[in-house]
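Asks: Fold the following.
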Amino acid sequence: MIESNLKCCLLCEKPLRGRSDKKFCDDYCRNGYNNRVKSAERPFLKGINAILFKNRKVLESFSQ
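Replies: Numbers count the residues shown, from 1 in each chain. Coordinates of the predicted model:
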């Protein structure tokens, strides 16, 4: 018998068993969900970080 109030994993949507406040079925799903959320929130910052990384490499080449 399937309960109608059964919670599901936020990433893979498998039914959860265990603690009542559980959100993910395992660490793989937890990490995948958080990586997806963070990458969707910050595409602008990701571009800035790429530019800064290139700038650091250029400056590093001049200091050697």
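Asks: quick one: Gly32 and Leu11 touch, right?
Replies: Yes - assessed by CB atoms under 8 Å, Gly32 is found in contact with Leu11 at 5.2 Å. The C-beta positions use only the backbone N, C-alpha and C, and glycine is treated the same way.
Asks: ok, those two, which is more surrounded?
Replies: Leu11 (19 against 15; other CB atoms under 10 Å).
Asks: Just the buried residues of the helix or strand where Gly47 lies, please?
Replies: Under the criterion of DSSP states H and E, Gly47 resides in helix 43-63. For helix 43-63, the neighbour count (16 or more other CB atoms under 10 Å) marks no residue as buried.
Asks: Which of the three states applies to the residue nearest to Lys14 when sequence neighbours are not counted?
Replies: Leaving out its chain neighbours, the residue that sits closest to Lys14 by CB to CB, 6 or more residues apart in numbering is Cys25, at 5.1 Å. At Cys25 the chain is in coil, as set by DSSP: H, G, I helix; E, B strand; the rest coil.
Asks: Quick one: neighbours of Cys25, just the number.
Replies: 19.
Asks: From Tyr33, how far off is it?
Replies: Going from Cys25 to Tyr33 by CB to CB, to the nearest Å gives 11 Å.
Asks: follow-up on the earlier one: for the record, mean pLDDT for the helix holding Gly47?
Replies: Summarised as a single mean, pLDDT over helix 43-63 is 91.
Asks: repeat for stretch 7-23
Replies: 93.
Asks: first to last residue in that stretch, what's the distance?
Replies: 8 Å (CA to CA, to the nearest Å).
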